[in-house]
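Peer 1: Build the 3D model from these lines:
(2 chains)
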Amino acid sequence: MSNTPATADSRSPGTEDTAVAVLQPDTAAKAFVGRSPGQLAWIRLKRDRTAFASFITVLFFILISLLAPLISKLYGITATEGFSEKLNYQGLPTGYLGGISGEHWLGLEAGIGRDLFMQLIFGMRTSLVIAFLSAIISIVLGVVLGIVSGYFGGWVDQALTWFTDFMLAFPFLVFALAIIPIINTAAYDVGEEVPGTFRVSVIIGVFALFGWMTTARLVRGQILSLREREYVEAARAAGASSTHILFKQLLPNIWAPILVSFSLALPGFIAAEAALSFLNIGVVEPTPDLGRLVYYGRQWLGTPDWAYFLIPASAVFIAVLAFNLLGDSLRDALDPKSSK
Amino acid sequence: MLRFLIKRLLLAATTLVAISIVTFLLFFAVPSSPAWTQCGRNCSPERIAQVEQSLGLDQPITKQYTDFVKGVFVGRTIDDAGTIRECTAPCLGYSFRSKEPVTDTIERSLPVTISIVAGAMVVFLTVGIGLGMLAALKKGTVFDRVAIGASVGFASTQTYTLGGVLLLLLVYSTGILPNPHYTPLTENPLDWAGGMLLPWITLGLINSALYARLSRAQMIETLQEDFVRTARAKGLSPRVVNRRHALRAAITPIITIAGVDLGAYLGGVVITESVFSLNGIGREAAQAVSDLNLPLVMATVLLAAFFIVAMNIIVDMLYAVIDPRVRLG
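Peer 2: Numbers count the residues shown, from 1 in each chain, chains lettered A, B, ... in the order given. Model (predicted):
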């Protein structure tokens, strides 16, 4: 715990200064620094070694996905290029550990013969795009619905609470299994090719549709406790509109839990996206995808080429772990009481 | 109590009806050709016409829905190209692809799912809650830190990653465990357990991690409550305070979560079943999606929703019995 006065921002700096000077004469020489809650959180975050390590890992994954086309150019191999001449008659890559060599850093895909490193970084790109967009949309939905339900109360609240419970009663994965092919067949005719971007949008849409409920509940609870505070009453007495109170008075006070639920939603969506592709209903060929790599690798698990499974599987694991740890650290930094 | 019960049951019934309507519309109103989506991939135009006829797809959608609901409660007959097929209640649909009521497939696959879930729950409830409670009592010690560190790691694994790794280590490389398979419990209990061991361990480990974190946090919170302090002040031994006072209070919300989870799992542990190639209802549904055998998918959605809602009710009831504040509030 930090011993800087956490409530400094709520009082005027002058009185705080003298108070410190009186209480701690020996430190009076040091200039008093007023710190906002955000700054305090940042200081706590910087001291956290796990946060640093996971931040670097997350940054690394984001960078390689952003720079995937550039890396591909420098590496000299594209994601779709096949090297079937380097596979033996069983479809296994020649050489050790799935054909790892100076030319193919992570080996080749068994049976297909594409470069695994390229598939991996482009797959990571797909996963992160889906995860980020789904998280942003579902958090926005959750915040808006939570604020509306918490602030207006009454029948609006009752209806939205029922709707939240209703959505939670849907078996997510099974329902996603059903809804994704139906939307695809509704939008495109029988036998017609469904474009990759459309498939990705459908997945993001489904994730957003089923991802907002926990945020909405969280925000509703926060708003319920904040809306009776004096400053809100003051704003109302001064004639402020509901929109002003909601977005200028209430929202800035709950950004911390929202940020935390955003950062913890990300790894959830990464894992869920890979799960859909593992079931072969998410992203399909030719769009590269992490979950599908794990699925392909699983088919070859009984052969000597287990590296093909282990490499994409560890990539999913490390990405989810890093995002989870970063989210945890962020929560601890923003709310020191939560770290037990 | 009775009023509370009736209120909850009504709410649950409304939720189920709403879910069935949404699901029904999704399958019969959204697709441009519902007959085609019902019939499956590579369906000839004649076959599509037959399906249209036997399901009465030319009728208004409300009539189709009431027919479906009637089937669920009293059963219905389906005229599949001249062959009359009896679909007894609860008739959740008829698969034109496998030419049988979908309940037949569910009957075959549900025991597999139940076997997986039951064993995994035993693992994660004992290991997860046990570790979490111990970690809370030994808060700040090396044991606590190792347990919590491990749980963060395991909570970040997925069934498809951890399951594959365990499959590689315990089955393919060393042969310590047999390849996962399903033998009915009544046939050979030993073989049943042997074939289920790997799914139990995988699902058990991942969920243990989540439950350990939950129960640790819950226990730490409970230990700081006034009644625990009172118990200590009375001079009770730490053992009695921890076991009879704190543990009981801390475990209740965890059991609630476990009940809700159970409802969610019974609808199919899709990924676990797929990783280990076990034909539970989740994997059947996933397979049905690739074959576009949608009647089975729709039935699975409804069944899974039923399990979730039913378990929610049971948990609510139990909670109301334990905690009077719930039914009075």
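Peer 1: who are the neighbours in contact with residue B:102?
Peer 2: By CB atoms under 8 Å, 6 or more residues apart in numbering or on different chains, the contact list for residue B:102 reads B:92-95, B:295-296, B:299. Every residue, glycine included, has its C-beta placed from N, CA and C.
Peer 1: Looking at those, which is nearest residue A:225?
Peer 2: Lowest distance from residue A:225 to the contacts of residue B:102 (CB to CB) belongs to residue B:299, with 43.0 Å.
Peer 1: For the closest one, the count of nearby residues, please.
Peer 2: The local packing of residue B:299 (other CB atoms under 10 Å in any protein chain shown) involves 27 other residues.
Peer 1: How about residue A:323?
Peer 2: 26.
Peer 1: Likewise for residue A:57?
Peer 2: Neighbour count for residue A:57, taken as other CB under 10 Å: 17.
Peer 1: Skipping adjacent residues, who's closest to it in space?
Peer 2: Once flanking residues are discounted, residue A:57 sits nearest to residue A:322: 3.8 Å by CB to CB, 6 or more residues apart in numbering or on different chains.
Peer 1: which of the contacts of residue B:102 has the most neighbours?
Peer 2: residue B:296 (29 neighbours).
Peer 1: Three-state assignment for it, please.
Peer 2: The local conformation at residue B:296, judged by DSSP: H, G, I helix; E, B strand; the rest coil, is helix.
Peer 1: quick one, what contacts it?
Peer 2: Contacts of residue B:296 (CB under 8 Å, 6+ apart): B:93, B:95, B:98, B:102, B:105-106, B:284-285, B:288.
Peer 1: can you rerun that using 7 Å?
Peer 2: B:95, B:102, B:105, B:284-285, B:288 (CB atoms under 7 Å, 6 or more residues apart in numbering or on different chains).
Peer 1: Any chance of JSON lines for those residues, columns pLDDT and secondary structure?
Peer 2: Output for the contacts of residue B:296, formatted as JSON lines (pLDDT from 0 to 100; DSSP: H, G, I helix; E, B strand; the rest coil):
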{"residue": "B:95", "pLDDT": "79", "secondary structure": "strand"}
{"residue": "B:102", "pLDDT": "86", "secondary structure": "helix"}
{"residue": "B:105", "pLDDT": "88", "secondary structure": "helix"}
{"residue": "B:284", "pLDDT": "89", "secondary structure": "helix"}
{"residue": "B:285", "pLDDT": "89", "secondary structure": "helix"}
{"residue": "B:288", "pLDDT": "85", "secondary structure": "helix"}
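Peer 1: Among those, which pair sits farthest apart?
Peer 2: B:95 and B:285 (11.9 Å).
Peer 1: on that earlier part again, test my guess that the residue nearest to residue A:57 contacts residue A:56.
Peer 2: No: in this structure, residue A:322 is not within contact of residue A:56 by CB atoms under 7 Å, at 8.5 Å.
Peer 1: Compare neighbour counts for these two and give me the winner.
Peer 2: Per other CB under 10 Å, whichever of residue A:322 and residue A:56 has more neighbours is residue A:322, with 22 against 12.
Peer 1: Could you pull up phi and psi at residue A:115?
Peer 2: For residue A:115, the backbone dihedrals (degrees, to the nearest 10) come out as phi -70, psi 120.
Peer 1: Leaving out chain neighbours, which residue sits closest to it?
Peer 2: Nearest non-adjacent residue to residue A:115 (CB to CB, 6+ apart): residue A:77, at 4.8 Å.
Peer 1: What pLDDT does the model give the one you found?
Peer 2: Looking at residue A:77, its pLDDT stands at 77.
Peer 1: And it, how far from residue B:314?
Peer 2: 56 Å (CB to CB, to the nearest Å).
Peer 1: ok, and for the top helix by length along chain A, which residues are buried?
Peer 2: Assignment by DSSP state H gives helix A:116-152 as the longest helix of chain A. Within helix A:116-152, the residues that qualify as buried are A:116-128, A:130-135, A:137-139, A:141-143, A:145-151, counting by 16 or more other CB atoms under 10 Å in any protein chain shown.
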